Each structure stands twice: as structure tokens, then as C-alpha cells.
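Student: structure, please.
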Amino acid sequence: MSQEINISNFAAKTYRIIDGKANSNSLIQGIIGLGGFPYTLLTDGAVVFTHYSPMLNEIRALMNLGPITKEMFKPIFLSVSDEILSDILFGKVLAQIPLIGVYFNALCAKTMTWRLGMLYSALTLHGEDIGDEKTKKFARRIRETFPQKDVKKFIEPDYDKFQQLLIELQK
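Tutor: Next comes the predicted model:
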């Protein structure tokens, strides 16, 4: 039972971290979306350093783990390459449509931040044991649990489902 309480506290803290980064990234991407291509693509590269990497390190710090290394980041990046490619294709193509494109750019940014944050949270529960297979399995499970069914609106992940997912993936 004490393990669930720890996961409960961890889930609450990570959920807040992810939500904050997702809202910030969405706002930035929406504003940059006004400039269109190539600014949207450049911003995608920048948020790796301004949002995704800091988010992972903030989540890892909750479990007293050190910052992520390049070797640890590789399987994470490869496990979400489908989402990244989808974001680039979907978000950047639709981002070129005046006014509507701003919305889609922000939507894709929010979705990506949530997916990465959930993956980071699940991996952090396993400490330094971040391998390709585990990372791919977790990414797949996150997509199944929180599919983005509607391309026109973002549905924020339900907190209780998020917490339950972390409990399942901790095992």
C-alpha cells in the first residue's frame, strides 16, 4: 500500500509538471505558428531543450535521479519517432493554413508534450533501467490508453487513468 501512496504522490506531481509544460509549449507553438514554416520547424527543435529535456529531468528529480544522458535519451527518442513524424507531417502541413494552422500547431505541441511526459513518468519509475524494448512497450501502452481520436481538439488525459497507467507500468 505504501508503494501506491508513493506512486500517487509521484503521479500528482508529474501530472502537474506535464500539464504546465504542455500548456507552455502549446502557447509558444501557437504564437510561432503565426510565422509559419520554417519557424514552426525550428521551434520544434528548440522545445527539445526548453521543454522536453527539462520536463524529463524535473520528473527524474522527483525520484532523486540525475539528469538524462544522451545514451538514455536515444531509446526514448526512437520510441516516439512515430509521434514525431506524425506531428511534423500533420502539424506542419496544417500549420500552413492561415489562422487554422496556428491552432493545429498548438494542438500537436500539447499532444506531444503529454505523450512524452507520460512516457518519462513511466520510465522514471524504473530508475536507470531505460531500454529500447521497455520504452517502446510503454509508448505503445500510452498510445492505447490515451489515443488522440479527434484531430480537431485535444483531450487532456484523465488523471485517474494516468495514475492507474503508472501503477500498471511500474510492475
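
Student: tell me where the model's unsure across the chain.
Tutor: Where the chain drops to pLDDT under 70, the residues are 1-5, 83-100, 149-153.

Student: let's see that with 90 instead.
Tutor: Applying pLDDT under 90 to the chain picks out residues 1-8, 28-49, 52-53, 67-112, 115-116, 126-157, 169-171.

Student: nearest residue to the middle of it?
Tutor: The chain has residue 116 as the residue nearest its centroid, 2.2 Å off, counting by CA atoms, centre = their mean.

Student: without its sequence neighbours, what residue ends up closest to it?
Tutor: Spatial nearest neighbour of residue 116, chain neighbours left out: residue 52 (5.6 Å); criterion: CB to CB, 6 or more residues apart in numbering. In short, each C-beta sits where N, CA and C put it, glycine included.

Student: ditto for residue 23
Tutor: Leaving aside its sequence neighbours, residue 23 sits nearest to residue 110 (CB to CB, 6+ apart; 7.4 Å).

Student: so where does that neighbour fall, helix or strand?
Tutor: helix 100-124 (DSSP states H and E).

Student: same deal with residue 45?
Tutor: If you go by DSSP H and E, residue 45 is part of helix 39-47.

Student: wait, what's in contact with the spatially closest residue to residue 56 that is not a sequence neighbour?
Tutor: Of all residues not flanking residue 56 in the chain, residue 120 sits nearest, at 4.5 Å (CB to CB, 6+ apart). Neighbouring residues of residue 120 by CB atoms under 8 Å, 6 or more residues apart in numbering: 14, 55, 56, 59, 60, 76.

Student: swap in residue 169?
Tutor: Taking CB under 8 Å, 6+ apart as the test, what residue 169 contacts is 122, 125, 138, 141.

Student: got a ChimeraX select line for the buried ones in the residues you listed?
Tutor: Typed into ChimeraX, the line below selects the buried ones among these, using 16 or more other CB atoms under 10 Å:
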select :122,125,138,141
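
Student: check the contacts of residue 169 and tell me the two furthest apart.
Tutor: Farthest-apart pair in these is 125 and 141; separation 13.0 Å (CB to CB).

Student: tilt between the lengthiest helix in the chain and helix 100-124?
Tutor: If you go by DSSP state H, the chain has its longest helix at helix 2-33. In terms of direction (axes from the mean of the first three to the mean of the last three CA atoms, to 10 degrees), helix 2-33 departs from helix 100-124 by 160 degrees.
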